[in-house]
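1. for reference, the sequence and a predicted model appear below.
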Amino acid sequence: IRIHPDQDMVGKNLANFPWAAALVGTSEGFATYDYAGETREAYIGRFEPWDMTFVTTLTRGQLMEGINEQVLRGAGLSAAVALAVAALVIWIMIRQLMGPMHKLARLAEEVARGNFDYSFDYAARDSIGATVSSVKAMVREIKTRLGFSQGVLDGVVVPCAVVDLDNRITHVNQAALDVLGRAGEPEAWRGRSLAEFICDDPHCRTLTQTSMEKRDQVTEEAELAAPGNGRTVILHMVATPIYDLDRHLIGSMTMWVDLTREREQHARLDEQNALVAAAAQKANEIARLVASSAQELAHQVASASDG
């Protein structure tokens with residue numbers, strides 16, 4: 001033995017050790033032998049130029065450690081590849097799933113802002129596609145109902161206004177501005193107090209507040225100075241509370257009938273009737289005087305005839 005990890009073995013004859021019989025009997029190749037209670041695997045190689053034989057040995061435990069390391073390394077590499085593939089698949093699935101969800105959320109936000117024209121396409125026929133179709137159908141139904149309600153409000157030709165629970169205007173038509181002599185567009189009054197709109201005082205009491213407190217329809221006839229031009233107007237006012245589909249109070253609607261001309265006409269008729277009555281009374285007095293004078297004249301004529 002020329003080279004050995006154990007220096008005590010250097011210079012000894014390998015053939016003198018019983019455990020080395022398998023090594024001595026193999027000129028080249030693999031061999032198995034037992035040494036110090038352990039089974040060892042060896043590879044024997046002959047190098048002719050030096051006339052030397054090289055023997056490399058490992059215990060089976062050491063050999064398995066190398067295999068385990070390779071297995072663990074391969075398993076780690078496989079796990080890393082599998083994890084990367086899984087992450088890629090999950091990312092693609094999340095992108096496919098969350099994309100339509102984000103678009104649905106955007107659709108809800110646009111509808112909440114009053115934009116019913118926003119839409120998007122989803123061609124897949126799956127549960128998400130069914131959800132998208134249902135939401136679009138719901139938006140169309142809401143648009144139809146709101147369009148009907150807005151059409152009814154726009155079709156009201158008498159002065160009217162709609163307020164929320166804080167008595168702030170959510171809708172007012174041009175006729176209401178005209179009767180109060182207000183300039184500008186109805187949209188300019190949205191969000192402002194109805195009390196300010198009617199009497200230039202945000203603290204004055206309005207019929208809509210009474211209707212919401214009583215939760216019933218109330219009527220009133222009021223004579224007030226139009227804040228826009230100071231003209232005196234007489235209005236027959238009706239206010240009705242508004243409820244949502246769950247019967248929760250959400251505001252009030254008021255409509256006015258302008259009685260100013262009618263009352264002016266009545267006043268003129270009353271004045272004319274008074275003049276006619278006074279003229280008739282005066283005519284009656286004149287007639288009585290004429291009749292009395294005629295009787296007196298007839299009496300005088302009769303007395304002259306007798307005399």
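-> Yep, that arrived. Since this is a predicted model, take the numbers as computed values, not measurements.

2. ok, Asp8 to Val139 distance?
-> Using Cβ to Cβ, to the nearest Å, Asp8 is found at 92 Å from Val139. Just so you know, the C-beta spots here come from the backbone N, C-alpha and C atoms, and that holds for glycine as well.

3. of the two, which one has the most company?
-> Val139 (18 against 7; other Cβ atoms under 10 Å).

4. I'd like the next helix or strand past the helix or strand where the more buried one lies.
-> Using DSSP states H and E, Val139 sits in helix 127-155. Sequence-wise, the next helix or strand downstream of helix 127-155 (DSSP H and E) is strand 160-163.

5. can you list the strands that that next one pairs with?
-> Within its sheet, strand 160-163 is paired with strand 169-172 (antiparallel), strand 249-258 (antiparallel), according to DSSP bridges.

6. so which of those strands is the most packed in?
-> strand 169-172 (a mean of 21; mean count of other Cβ atoms under 10 Å).

7. send me stretch 137-148 as CSV with only the CA atoms.
-> Extracted as CSV, the C-alpha positions of stretch 137-148 are listed here (Å, rounded to 0.1, in the frame of the first residue of the first chain):
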residue,chain,number,x,y,z
ALA,A,137,-79.8,42.7,-17.2
MET,A,138,-80.2,44.3,-13.7
VAL,A,139,-78.6,47.6,-15.0
ARG,A,140,-81.0,47.6,-18.0
GLU,A,141,-83.9,47.2,-15.6
ILE,A,142,-82.7,50.0,-13.4
LYS,A,143,-82.1,52.2,-16.4
THR,A,144,-85.7,51.5,-17.6
ARG,A,145,-87.2,52.3,-14.2
LEU,A,146,-85.2,55.4,-13.6
GLY,A,147,-85.9,56.5,-17.2
PHE,A,148,-89.6,56.1,-16.6
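
8. and the strands in the chain?
-> 29-35, 38-47, 52-59, 160-163, 169-172, 218-225, 232-243, 249-258 (DSSP state E).

9. would you format those as JSON lines with mean pLDDT and distance to Ala294 included?
-> Shown next, in JSON lines, are the strands of the chain (pLDDT from 0 to 100; distance: least, Cβ to Cβ, whole Å):
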{"stretch": "strand 29-35", "mean pLDDT": "82", "distance to Ala294": "170"}
{"stretch": "strand 38-47", "mean pLDDT": "81", "distance to Ala294": "167"}
{"stretch": "strand 52-59", "mean pLDDT": "79", "distance to Ala294": "165"}
{"stretch": "strand 160-163", "mean pLDDT": "96", "distance to Ala294": "66"}
{"stretch": "strand 169-172", "mean pLDDT": "95", "distance to Ala294": "70"}
{"stretch": "strand 218-225", "mean pLDDT": "92", "distance to Ala294": "52"}
{"stretch": "strand 232-243", "mean pLDDT": "94", "distance to Ala294": "51"}
{"stretch": "strand 249-258", "mean pLDDT": "95", "distance to Ala294": "54"}
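
10. closest one to Ala291 among those strands?
-> Closest of the strands of the chain to Ala291 is strand 232-243, at 46.0 Å (criterion: Cβ to Cβ).

11. report the central residue of this structure.
-> Ala112 (3.7 Å; Cα atoms, centre = their mean).

12. okay, it: pLDDT?
-> Ala112 carries a pLDDT value of 84.

13. return the distance of it relative to Ser133.
-> Distance, Ala112 to Ser133, by Cβ to Cβ: 20 Å.
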